[in-house]
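# can't give you the sequence, but here's the structure:
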């Protein structure tokens, strides 16, 4: 069996709930290193070619994960939740969090030779909030409507302003979603960033994107001039980071076993036992919104809260999650995972599997008839909901969907599931002509709930519109005191537990496997591997 390191901390009082990990105490980076060697990293990456190579516009985790190699950030978030200098040497939080003043390094250059300066910060942030960019997650992390502008104070000093205190900004500024492209690229090739590629995906990072074959591989080459890593590191000690795009998990494990890959990510729990015995497996539970079902209350049967509540009680979540994910993923009880600051532990065991309760709620909602198939009816209408899912769907999630359908059928609820290609999915997701859809969403700050539950939230698949909830979400974003913020987000989680807009099922982990000849590899707070300090051989 491989060595398995499971990192799951149940306290949620600090961002230290998830740790930045190192596989070796050996430092991998040496400014004087020759840069020989190659690390091959096998990822799922199936949707990168569908316009998701730009973290400023994509909301897929894989975009942020692979482009971290290219895109640096203003600050770096440590394992204990504090922030360290990166492209910014220092900063001041002004006006109770309504303004942030950054003093930038003076020695940073982009891969195309353009200097990094205050104007570059402004150009990137202006691009993110420009409606024509059609940014979703990054624009939300930049404050959305609260963003008031970025001011160039001098060549290496910049001020980012908000219309009111905006507490999540430093955390957002530590991610690749608010990382920086060369201003020259933004001026001449901004329309190509979603597709990405050499000469287009140009940042200041430890690696330069030098080759890209969609649906096959991405090649990142060592930036020999890199001297501004957040941990004081210089240029990587190896020459090439090759990212092989292998959507099938079994193929990724095979590549690891045969020596064709040195690091693999997004391993499903059922394949961990197939990892070679001398390799190391790291399993880090994602912070953020657990994998969940979103019940569309403005379309179909879920307009009735009792039907939504019955839906939650009809599913035997514990058994399905335990059996399908081999005990590697915990069952979720709230819309924040247990490793996320602000998690409300009081919700644990608050809505257990209870078919009798589900049947009572459906009776009270008027679904008392039955047709020849045993499906409940009301006024001649079958109790039916349609679940749309985005392809590709991993086998374990397909098995979970089958379990959910079976449990619901037992109480007379017909659940139809459609697995759709991205284009067909978006045709229904845009106008919200579905009953259910599904995803999980990683994030260290509870402000991510705003995009999922606020009336104008860009990921509000449930079509929730509640002024009182909107006020709570806005309050949470403006409070800088962590205890007070946690109290606000506890109210948001309790609201959902009663309202049943989002049904959390399990908290996934990013499971990676690493061959023994790779050392110095670290992981960010999301469990994504970082290669700047790694070495091979």
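Good, I have the coordinates. Since we're looking at a predicted model, the values are computed, not measured. Residues are numbered from 1 along each chain as shown.
# In terms of pLDDT, where does the residue of the chain most remote from its centre sit?
Residue farthest from the centre of the chain, counting by Cα atoms, centre = their mean, is residue 372 at 43.4 Å. At residue 372, the model reports a pLDDT of 96.
# tell me which element it is part of?
Secondary structure assigned from DSSP states H and E places residue 372 in neither a helix nor a strand.
# From residue 382, how far off is it?
Relative to residue 382, residue 372 is positioned 11 Å away (Cβ to Cβ, to the nearest Å). For the C-beta atoms, the positions are set from N, CA and C on the backbone; glycine is no exception.
# cool, residue 348 as well?
To residue 382, residue 348 is 35 Å away according to Cβ to Cβ.
# try residue 256
Here residue 256 is placed at a distance of 47 Å from residue 382 (Cβ to Cβ).
# Comparing these two, which residue is more hemmed in?
residue 256 (24 against 17; other Cβ atoms under 10 Å).
# Surely that one and residue 278 touch.
No. Counting by Cβ atoms under 8 Å, residue 256 does not reach residue 278; the two are 11.1 Å apart.
# name the element residue 527 belongs to?
Following DSSP H and E, one finds residue 527 outside all helices and strands.
# Let me know the pLDDT of it.
At residue 527, the model reports a pLDDT of 87.
# number of nearby residues for it?
Look at residue 527: counted by other Cβ under 10 Å, it has 26 neighbours.
# what about the helices in the stretch 1-150 of the chain?
Using DSSP state H, counting those that start in this stretch, the helices of the stretch 1-150 of the chain run over 61-67, 118-129, 137-141.
# want to throw these into CSV with mean neighbour count?
Shown next, in CSV, are these (neighbours: other Cβ atoms under 10 Å):
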stretch, mean neighbour count
helix 61-67, 25
helix 118-129, 20
helix 137-141, 25
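# among the ones you listed, where is the model least confident on average?
helix 137-141 (a mean of 93).
# Just read off the phi/psi values of residue 324.
phi -80, psi -30 (degrees, to the nearest 10).
# what about it, how many residues close to it?
By other Cβ under 10 Å, the residues close to residue 324 number 21.
# how close does it sit to residue 295?
For residue 324, the distance to residue 295 - Cβ to Cβ - is 21 Å.
# which SS class is residue 472?
Following DSSP: H, G, I helix; E, B strand; the rest coil, the label given to residue 472 is helix.
# Surely it touches residue 496?
No. If you go by Cβ under 8 Å, residue 472 and residue 496 don't touch, sitting 11.1 Å apart.
# Please, where are all the helices along the stretch 251-400 of the chain?
Going by DSSP H, counting those that start in this stretch, the stretch 251-400 of the chain shows helices at 305-314, 317-324, 355-364, 395-409.
# Out of the ones you listed, the one nearest residue 252 is which?
helix 395-409 (13.6 Å; Cβ to Cβ).
# Quick one: work out the angle between that closest one and helix 317-324.
Put simply, helix 395-409 runs at 150 degrees to helix 317-324, going by axes from the mean of the first three to the mean of the last three Cα atoms, to 10 degrees.
# Tell me the helices and strands packed up against helix 395-409.
On a contact count with 3 or more Cβ pairs under 8 Å, 6 or more residues apart in numbering; DSSP states H and E, helix 395-409 meets helix 305-314, helix 317-324, strand 384-390, strand 414-420.
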